[in-house]
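1. here is my input; please provide its structure:
(3 chains)
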Amino acid sequence: MSVASQDNATRTGVFARAAIYTVLILFVVYYLLPLYVMVVNSLKPLDEIRAGNMLALPQQWTIAPWLSAWSTAQIGVSPTGLKPYFLNSILMVVPAVAISTVLGALNGYVLTKWRFRGDNIVFGLMLLSCFIPFQIVLIPSARILGELGLAGTVTGLVLIHAVYGLGFTTLFFRNYYEAFPTELIRAAQIDGASFFQIFRRILLPSSGPIIVVTVIWQFTNIWNDFLFGSSFSSVDSIPITVALNNLVNSSTGVKEYNVHFAGAILAALPTLVVYIVSGRYFVRGLMAGAVKG
Amino acid sequence: MLRKLLIGAMLSTAMTGAYAVPSFADEVEVLHWWTSGGEAAALDVLKKKLESQGITWKDMPVAGGGGEAAMTALRARVTAGNPPTAVQALGFDITDWAKQGVVGDLTEVATKEGWDKVIPTALQAFSKYDGKWIAAPVNVHSTNWVWINKKALDAAGGKAPESWDELIAVLDKMKANGISPIGHGGQAWQDATIFDAVVLGIGTDFYKSSMIDLDPAALGGDKMVEAFDRMAKLRTYVDKDFSGRDWNLASAMVIEGKAGMQFMGDWAKGEFLKAGQKPGTDFVCVRFPGTQGAVTFNSDQFMMFKVGANQQKAQLTMASDIESPDFQSAFNVVKGSVPARTDVPDTAFDDCGKKGMKDLAEANTSGKLFGSMAHGHANPAAVKNAMYDVITRHFNGEMDSKAAAKALVDAVASAKM
Amino acid sequence: MAQSQAEIAPVLTHRPSRTPKEALQEWLPKLVLAPSFAIILIFVYGFIIFTAVLSVSGSKLLPDFSTWVGLGNYVRLFNHPNWITALKNLAIFASLYIIVCSVLGLGLAILLDQKIRAEGLIRPIFLYPMALSFIVTGVAWKWFLDPGIGLEHVMQDWGWTSFSFRWIKEGQYAIYTIVIAAVWQSSGFVMAMFLAGLRGVDNEVIKAAQIDGASTVTIYRRIIIPLMRPVFLSAFVVLAHLAIKSYDLVVAMTDGGPGTATWTPALFMQKFTFGRNEMGMGAASAIIMMMMIFAIIVPYLYSELGGKNERR
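-> The predicted structure is shown next:
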């Protein structure tokens, strides 16, 4: 609860509030600037961009770049636009997020409510896994996927993303469940409830906020991943970031910046929607535990 | 739980039917980084050609870093044991992969079609390993071009420079005329592209001994100091915002007349054409002053990987199609480069393209066709990048020419370890 | 640690259960945790060992376990000017990034917590950068910071002709522009963490302080900000992890330039392993990076996990 809520308006002072709003608005501008650059330039013909002045409004408005990025831009040899790659990403992201979230919840449950000798060491080791640079795991992961026969499959991508998300999901749930009253669980257990019954009936119903946080975090990270997506996907499973990268990173071809920016915004729409729609729950979820180290 | 996890994942994919399709005999999977408008459209010609022969093209584009991202993905694919059929590759990367014993063999089709006779020997050095053909060259880019805005040139005397001194004179006039004489992007590979041309301009023998043979005496000698001095001189004609600029924005400066000229490979032509400019009337293409008759090149090749016996036929067909004169012509007209074989008719090409083809054939016979250092055709990646470090540092004023020549010797020695 | 577990859940873990079903119940938690732990052991710690082995091998294009160079790769690494630059840059980047993000995050959270009317509108604006991939927002930043076409150009067009902002073009300042863009990307997330923390502060404490006549500033300084300690630590973990892995950002904005002025360790590792076919040296740089990460994170974990027990 804020301090100001105890204050009444006169005590805070008009000037102070004006200052607060000014600062906030300045930062709103700071945060919106790159988006502004992207949107404005995505609505200009290429000539205007070539002529300079990236911050000016379009002299001639056009939505052609958006249409091109969506359905006709060259991604590989065929001019498909980004359209076909959305489904690939969704097929990869949804199972990966689901698996890592479920496992993270179970891990958090065990690590806080069924503690055992060395549980903190186990947790510490899992947490440290958040910090390894992904480039180093590329080659050995490829070997393991090859051995499992999962190389170049969606399943393989899901597996890899789920594995490298475990550290964070476990962290989130552990910190959340830590604050959950252990007495309730003890009482349920005396009543004869089993391990999974307690999880399902007692913990899960009140896990809403932390599930939101975990899902947002995982969804964003996996959706935006490029390294694994480009290395472990195959022709039929190329995710959207790889397609976007192919759109914008031409080597020796003409760069259509307006199409690039339109494509970037399109590719980010799902994550943007997730953030905006669940932003409120996000803060609530963080509040409910994720930040209580 | 691992099993549960795997089963869960499999179920989720099975429900949506997104399994990787098992390989069929008549298909080729192609890993490449030609993803932007013109070049991808050019490659589509090959795809159509293969499809007309009943071979399915499975497209696996991974762009970024001039092929670095694709090479990263390729490592994962090879390690996992499912390499693509064909992979776009450049210069020494092909040799490096061949050393790993994972590449296929095209000798059968190459012998039948007589590739030895029509493909320049300097290219063959990369397409062959251990006496076997392992890659099919698609094109030859030459990198020692200058693209000059015609109006700016006319205002500066109208004569395209043919020697270093003439170049400086033209640049001085352009500067006096109030434009930025050189349109340049300060990225390591662009700095190195100019460096290539400068070294070649000092002497073809010097280029060979320093850039290709990596002779320490040449790398650290007086001529190298002179090369760096020339770089420093060129630096004074570059606008102050050059650092980090993409090459095509530098081209745009020349197109718009804000800059006088750009030193860049022949792919820059695409930018000029796309902007509706015509060679000869709106812009002029000449060889870097002092390098007439010599060509530094880079060549995109499709390196073939070992595949099952059932896919070999498709692989060989693809290789044969790549080397067919009609594809070579159709592709390179679009791409801006010139054909990888010297017997392709030049009728479909514009003036700059015709000139490029003539130069290539001449340089090939006179022995003045050299792999470009800046584009990975003079020495392996480690050495190339070690040179980049020094060239770009020097160009950004972090060291003087003498120190740069010395640093070049050290960097190359360290990278060769 | 053992005592604390006994305090928390003596009933759960020390019940004398002997029937098979009860025995299963006792083992079930560990069985549930085991697969995740096993996977992490293989996919993280196994691979770290693999990398350590690579770092003493002469691997170039692919892993090669036939030639060994001992510590040769490490010696070359620390003699390489780009690595030294990368380490300096990481020190500048990480410290500035973590400090600025934390301060800004806390500051914005406090401001946003003053019953701001448009909070629902402003919050997502602060948060959204985290949702975007840097493949392209990097380009937007690069343009914005470019003096020829971005901010400087616009300011001069608007009549402020002496305005100059060309850090991205200058070797000694370029790394700071990367800090600016990185702060843009993640400070909103940190703000959300602090906002959550502020909303979790007990009302009674504040009321009591107000009755004692404490000013708003004092309340924040003496009571509320100290209560944010766990948030600072969580934010630190998230930010440190982003700082050390910062790669996309640098590639998109400067790709290491001008010259080699903005190389970072993550860029170094990627370029050497995959661009320069120097896998052994790339692995050596990765091992050094991980040693640095662990040197920061392990004490944190120790204090956090150890500290919990003391609090109880």
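
2. and the gap between the residue lying closest to B:Ala404 once chain neighbours are set aside and chain A?
-> Excluding the flanking residues, the one nearest B:Ala404 by Cβ to Cβ, 6 or more residues apart in numbering or on different chains is B:His394, at 3.9 Å. (Glycine included, C-beta is placed from N, CA and C.) To chain A, B:His394 is 25 Å away according to Cβ to the nearest Cβ, to the nearest Å.

3. do B:Ala63 as well
-> In this view, B:Ala63 and chain A are 4 Å apart by Cβ to the nearest Cβ.

4. contacting residues for the closest residue to that residue other than its chain neighbours?
-> Nearest residue to B:Ala63, sequence neighbours excluded (Cβ to Cβ, 6+ apart): A:Asn249, at 4.0 Å. Contact analysis of A:Asn249 by Cβ atoms under 8 Å, 6 or more residues apart in numbering or on different chains lists B:Trp33, B:Thr35, B:Ala63, B:Gly64, B:Gly65, B:Ala69, C:Ile135.

5. give me that answer again for 10 Å
-> Neighbour list for A:Asn249: A:255, A:260, B:33, B:35-36, B:62-66, B:69, C:135-136, C:252 [criterion: Cβ atoms under 10 Å, 6 or more residues apart in numbering or on different chains].

6. show me what residue of the stretch 251-400 of chain B gets nearest to chain C.
-> B:Asn396 (3.7 Å; Cβ to the nearest Cβ).

7. SS state for the nearest residue in space to that residue that is not next to it in sequence?
-> Spatial nearest neighbour of B:Asn396, excluding adjacent residues (Cβ to Cβ, 6+ apart): C:Gly259 at 3.7 Å. Three-state assignment for C:Gly259 (DSSP: H, G, I helix; E, B strand; the rest coil): coil.

8. okay, now C:Gly259: neighbour count?
-> 26 (other Cβ atoms under 10 Å in any protein chain shown).

9. same question for A:Phe172.
-> Neighbours around A:Phe172, by other Cβ under 10 Å: 25.

10. elements contacting the helix or strand containing it?
-> A:Phe172 belongs to helix A:154-178 when assigned by DSSP states H and E. For helix A:154-178, the packing partners by 3 or more Cβ pairs under 10 Å, 6 or more residues apart in numbering or on different chains; DSSP states H and E come out as helix A:83-113, helix A:119-128, helix A:138-148, helix A:208-224, helix A:227-232, helix B:2-16, helix C:20-40, helix C:229-245.

11. give me whichever of the ones you listed is most buried.
-> helix A:227-232 (a mean of 26; mean count of other Cβ atoms under 10 Å in any protein chain shown).

12. following element in sequence after that one, please.
-> The helix or strand immediately downstream of helix A:227-232 is helix A:240-248, counting by DSSP H and E.

13. for the next helix or strand after that next one, the averaged confidence score.
-> Where DSSP H and E defines the elements, the next helix or strand beyond helix A:240-248 is helix A:257-285. The pLDDT scores in helix A:257-285 average 83.

14. tilt between helix A:257-285 and helix A:83-113?
-> Helix A:257-285 runs at 20 degrees relative to helix A:83-113, counting by axes from the mean of the first three to the mean of the last three Cα atoms, to 10 degrees.

15. now helix A:257-285 against helix A:240-248, angle please.
-> If you take the same axes, to 10 degrees, helix A:257-285 sits at 150 degrees to helix A:240-248.

16. next, the buried residues of helix A:257-285.
-> Applying a neighbour-count criterion of 16 or more other Cβ atoms under 10 Å in any protein chain shown, one finds A:257-268, A:270-272, A:274-276, A:278-279, A:281-285 buried in helix A:257-285.

17. which element is encountered next along the chain beyond the helix holding A:Phe172?
-> Next along the chain from helix A:154-178, counting by DSSP H and E, comes helix A:182-190.

18. helices or strands up against that following helix?
-> Judged by 3+ Cβ pairs under 10 Å, 6+ apart, helix A:182-190 is in contact with helix A:83-113, helix A:195-198, helix C:2-8, helix C:10-13.

19. can you give me the offset of that helix from its chain's centre?
-> 35 Å (Cα atoms, centre = their mean, to the nearest Å).

20. what does stretch C:137-149 give?
-> Taking mean C-alpha positions (Cα atoms, centre = their mean), stretch C:137-149 and its chain are 24 Å apart.

21. can you confirm B:His141 is in a strand?
-> Yes: according to three-state DSSP, the state of B:His141 is that of a strand.

22. got the contact list for it?
-> Contacts of B:His141 (Cβ under 10 Å, 6+ apart): A:252, B:90, B:265-267, B:295-300, B:332, B:335-338, B:356, B:372, B:375, B:377.

23. partner residues bridging it?
-> B:Asn298 (DSSP bridges).

24. same question for the one 5 residues further on.
-> In this structure, B:Val146 has beta-bridge partners B:Phe263, B:Val286, where bridges are defined by DSSP bridges.

25. that one reaches B:Lys269, doesn't it?
-> No: using Cβ atoms under 10 Å, B:Val146 makes no contact with B:Lys269, being 11.9 Å away.

26. angles on the backbone of the residue lying closest to A:Gly152 once chain neighbours are set aside, please.
-> What sits nearest to A:Gly152 in space, not counting adjacent residues and going by Cβ to Cβ, 6+ apart, is A:Ser234, at 3.5 Å. The phi and psi values for A:Ser234, taken as degrees, to the nearest 10, are phi -130, psi -180.

27. list the residues that contact A:Ser234.
-> Counted by Cβ under 10 Å, 6+ apart, A:Ser234 has contacts A:151-154, A:156-157, B:19-21, B:29, B:58, B:60, B:77, B:82, B:84.

28. so where is the chain shaky, pLDDT-wise?
-> Answering for chain A, as no chain was given. Where chain A drops to pLDDT under 70, the residues are A:1-12, A:52, A:250-254, A:287-293.

29. not what I meant, chain C
-> Those would be C:1-18, C:136, C:306-312, if you go by pLDDT under 70 across chain C.
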